[in-house]
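Undergrad: Please find the sequence and the predicted model below.
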Amino acid sequence: MAYPKAEIHLVRQLRKPASETAGLPLFELADPKVRDSVEAPRLSKQCMVILGRLSLGPATNTELVKIAQRFGARIHDLRTAGYDIEIQNRDHETGVVWYRLKEKP
């Protein structure tokens, strides 16, 4: 049976005498070959398409819903990743909202 790297590391740690592993973590979950998520936030394909659309200029909620039904969640993901997206205008009668990309991180 093939074990993930983290599990193999755990088995190796347990085989060592306690004097050799004192002060070391019991196991390591992070793969050292993968960059930290803080360095490079990963965005979904829908986020990338919405970001591309907003980089062209303001977009309405009716346009964005064609890209992703839960476009509000994708905008939240983009804001969390550091993109400054704001509501430019809102029409309360029709329910149309215009979003625009203010700044790129």
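TA: Everything's here; your move. Note that this is a predicted model, so its numbers are computed, not measured.

Undergrad: what residues are up against residue 103?
TA: Applying Cβ atoms under 8 Å, 6 or more residues apart in numbering to residue 103 gives the contacts 83-84. Any C-beta I mention is one placed from the backbone N, CA and C, and that applies to glycine too.

Undergrad: can you rerun that using 10 Å?
TA: 82-86 (Cβ atoms under 10 Å, 6 or more residues apart in numbering).

Undergrad: Would you mind measuring from it to residue 93?
TA: 30 Å (Cβ to Cβ, to the nearest Å).

Undergrad: Would you mind giving the domain segments of this structure?
TA: Using automatic domain parsing, the domain parsing of the chain gives 1-34, 45-103.

Undergrad: In the protein, mark out all the strands, start to finish.
TA: 59-60, 84-91, 96-103 (DSSP state E).

Undergrad: Could you point out which of the ones you listed sits nearest residue 72?
TA: strand 96-103 (9.7 Å; Cβ to Cβ).

Undergrad: on that earlier part again, select only the buried ones of the contacts of residue 103 in ChimeraX?
TA: Buried residues within the contacts of residue 103, by 16 or more other Cβ atoms under 10 Å, are selected in ChimeraX with:
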select :83,85
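
Undergrad: possible to save the contacts of residue 103 as a markdown table with distance to residue 70?
TA: Converted to a markdown table, the contacts of residue 103 look like this (distance: Cβ to Cβ, whole Å):
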| residue | distance to residue 70 |
| --- | --- |
| 82 | 20 |
| 83 | 17 |
| 84 | 20 |
| 85 | 15 |
| 86 | 19 |
